[in-house]
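>>> pasted the sequence and its predicted model underneath.
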Amino acid sequence: GAVVSQHPSWVICKSGTSVKIECRSLDFQATTMFWYRQFPKQSLMLMATSNEGSKATYEQGVEKDKFLINHASLTLSTLTVTSAHPEDSSFYICSAGDRALTPSTDTQYFGPGTRLTVL
Amino acid sequence: AQKVTQAQTEISVVEKEDVTLDCVYETRDTTYYLFWYKQPPSGELVFLIRRNSFDEQNEISGRYSWNFQKSTSSFNFTITASQVVDSAVYFCALSSNTGNQFYFGTGTSLTVIP
């Protein structure tokens, strides 16, 4: 089956530094990828929609200058948390749909997540 | 607006008991998809089932079964003869043709006591 990977699986960084998280579709191409954030004991909340070759679409309340998204190819999207602070500590999950399938809505594959801890 | 409600925050059952996790959804779309995911402590989402809005047939997969009722906008999930390995957080989710993003419920934390 289709696989989505995330790297790193966990990261610990100091406050004020930037952290990049990669999301890759390993055996399919994805025009669109989604980034979610999950705080402890809470649900997954959509942060942004990453579109290959164009700007990401951010959900209300998500700072686009803080969470930089780049979708440079059909298999890779990156989320960079700039000037990270302890309140950014969370579990970040990406998902991708296979563009070869229509509709792609029902073929979203989730990555294993990246646990970010900001000290 | 899309919305998923999982009213049960935490459930505890004794091993071998049956348990039903409730899910109620809201959408104005005529075509939509419903999902259940299991999230163990490791965090990775485990896909359990996908159902589209035109298929109200209930489904059984081993000890798992799902009851989809469009009339009440519900998509409930039953685990029969629960086991300790079923302990996890379970999420119900909704997506539609108007957007590929998922809308997740708040999750139900299931603890199966040996």
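Cool, the structure landed. Residues are numbered from 1 along each chain as shown, chains lettered A, B, ... in the order given.

>>> near chain B, which residues of chain A are found?
Applying CB under 8 Å from any CB of the partner chain, we find that chain A lies next to chain B at A:32, A:34, A:36, A:38, A:41-46, A:49, A:91, A:93, A:95, A:97, A:103-106, A:108, A:110, A:112-113, A:115. Yep, even glycine has a C-beta here, placed from its N, CA and C like the rest.

>>> out of those residues, list just those in strands.
Here DSSP state E is the test, and these give A:32, A:34, A:36, A:38, A:44-46, A:49, A:91, A:93, A:95, A:97, A:108, A:110, A:115 as lying in strands.

>>> and those, which is closest to residue B:53?
Set against residue B:53, the nearest of those by CB to CB is residue A:108 (16.2 Å).

>>> ok, now which ones touch the closest one?
Listed by CB atoms under 8 Å, 6 or more residues apart in numbering or on different chains, the contact partners of residue A:108 are A:34, A:95, A:96, A:97, B:95, B:100, B:102.

>>> thought the last one was touching residue B:96?
No - with contacts counted by CB atoms under 8 Å, residue B:102 stays clear of residue B:96, the gap being 9.9 Å.

>>> these two: who's more crowded?
Neighbour totals were compared for residue B:102 and residue B:96, and residue B:102 leads with 24 against 20 (other CB atoms under 10 Å in any protein chain shown).

>>> list the contacts of that one.
Residue B:102 neighbours (CB under 8 Å, 6+ apart): A:34, A:36, A:44, A:46, A:95, A:108, B:35, B:93, B:94, B:95.

>>> and the closest residue to residue A:28 other than its chain neighbours, how many residues sit next to it?
Of all residues not flanking residue A:28 in the chain, residue A:98 sits nearest, at 4.2 Å (CB to CB, 6 or more residues apart in numbering or on different chains). Around residue A:98 there are 17 other residues, counting by other CB under 10 Å.

>>> do residue A:81 as well
Residues near residue A:81, counting by other CB under 10 Å: 22.

>>> okay, the nearest residue to it once chain neighbours are set aside: pLDDT?
Ranked by CB to CB, 6+ apart and with sequence neighbours excluded, the top spatial neighbour of residue A:81 is residue A:19, at 4.8 Å. The model reports residue A:19 with a pLDDT of 97.
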